[in-house]
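1. Below is the sequence, then the predicted model.
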Amino acid sequence: EAQVTQNPRYLITVTGKKLTVTCSQNMNHEYMSWYRQDPGLGLRQIYYSMNVEVTDKGDVPEGYKVSRKEKRNFPLILESPSPNQTSLYFCASSRLAGGYHYEQYFGPGTRLTVT
Amino acid sequence: AQKITQTQPGMFVQEKEAVTLDCTYDTSDPSYGLFWYKQPSSGEMIFLIYQGSYDQQNATEGRYSLNFQKARKSANLVISASQLGDSAMYFCAMRVNNAGNMLTFGGGTRLMVKP
């Protein structure tokens, strides 16, 4: 089954404790991205990657890191989480060849609470 | 920069009636794609329909159609014969060819279908 998986689905942590949210896709997609969803703001892109070892900042990258060492995986790292990073996080992937035509497939989401 | 505006935070519709969800966009790039996603209360993001900027005809997918008015920069979603299961958040999004293939989202519209 074609899918994007994220782990963990729910996480409660404390300020300053480093955490990683994993994301994996089995569709051989070149493009992967991370979004955060906050009420009234829709989804905002944090980082994206157009292929292995190619990453770039989205609209709200501050406080986050990513890496793309393998095509299928795109982890999101919060080195020192703060309460304003409490949010619902989505990983997504899509084909890239031909550009903007392809829809993004979303993971189930990770609800993060930072106290 | 790209921008998506959804001016209806919430809407009610009677079951079996049609409903239009508004979306306006702003971009200076001539090559772009417009997407609609549905997010039910369970949280996942479900792709509904796509319209390319060069497509001559409005996109349709089952009960969903996209009313694309390029000169007005609008891409309204029309749902015909509403069902109770259509109650959800709906997001309009745009992907631009020359912006790292970022997907920019609107703030969403919550649709509630009344029995």
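-> Structure received.

2. Tell me which stretches of chain A form strands.
-> Listed in chain order, the strands of chain A (DSSP state E) span A:4-7, A:10-13, A:19-25, A:31-38, A:42-51, A:54-57, A:65-66, A:76-78, A:87-94, A:105-106, A:110-114.

3. Kindly present these as JSON lines, with separate columns for mean neighbour count, distance to B:Gln51 and mean pLDDT.
-> Where C-beta positions appear, they are placed from N, C-alpha and C, glycine not excepted. Shown next, in JSON lines, are these (neighbours: other Cβ atoms under 10 Å in any protein chain shown; distance: least, Cβ to Cβ, whole Å; pLDDT from 0 to 100):
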{"stretch": "strand A:4-7", "mean neighbour count": "18", "distance to B:Gln51": "23", "mean pLDDT": "97"}
{"stretch": "strand A:10-13", "mean neighbour count": "13", "distance to B:Gln51": "35", "mean pLDDT": "97"}
{"stretch": "strand A:19-25", "mean neighbour count": "19", "distance to B:Gln51": "25", "mean pLDDT": "98"}
{"stretch": "strand A:31-38", "mean neighbour count": "24", "distance to B:Gln51": "20", "mean pLDDT": "95"}
{"stretch": "strand A:42-51", "mean neighbour count": "21", "distance to B:Gln51": "18", "mean pLDDT": "92"}
{"stretch": "strand A:54-57", "mean neighbour count": "14", "distance to B:Gln51": "26", "mean pLDDT": "92"}
{"stretch": "strand A:65-66", "mean neighbour count": "18", "distance to B:Gln51": "30", "mean pLDDT": "98"}
{"stretch": "strand A:76-78", "mean neighbour count": "19", "distance to B:Gln51": "30", "mean pLDDT": "98"}
{"stretch": "strand A:87-94", "mean neighbour count": "24", "distance to B:Gln51": "16", "mean pLDDT": "96"}
{"stretch": "strand A:105-106", "mean neighbour count": "22", "distance to B:Gln51": "18", "mean pLDDT": "94"}
{"stretch": "strand A:110-114", "mean neighbour count": "18", "distance to B:Gln51": "30", "mean pLDDT": "97"}
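
4. Now the lowest-mean-pLDDT helix or strand in chain B: buried residues?
-> When the helices and strands of chain B are compared on mean pLDDT, DSSP states H and E, strand B:103-105 comes out lowest with a mean of 89. By neighbour count on 16 or more other Cβ atoms under 10 Å in any protein chain shown, the buried set for strand B:103-105 is B:Leu103, B:Thr104, B:Phe105.

5. Likewise for stretch B:39-49?
-> By 16+ other Cβ under 10 Å, the buried positions in stretch B:39-49 come out as B:Gln39, B:Met45, B:Phe47, B:Leu48, B:Ile49.

6. State the mean pLDDT of it.
-> Across stretch B:39-49, the average pLDDT comes to 94.

7. and it, anywhere near chain A?
-> Yes - counting by Cβ under 8 Å from any Cβ of the partner chain, chain A has neighbours in stretch B:39-49: B:Gly43, B:Glu44, B:Met45, B:Phe47.
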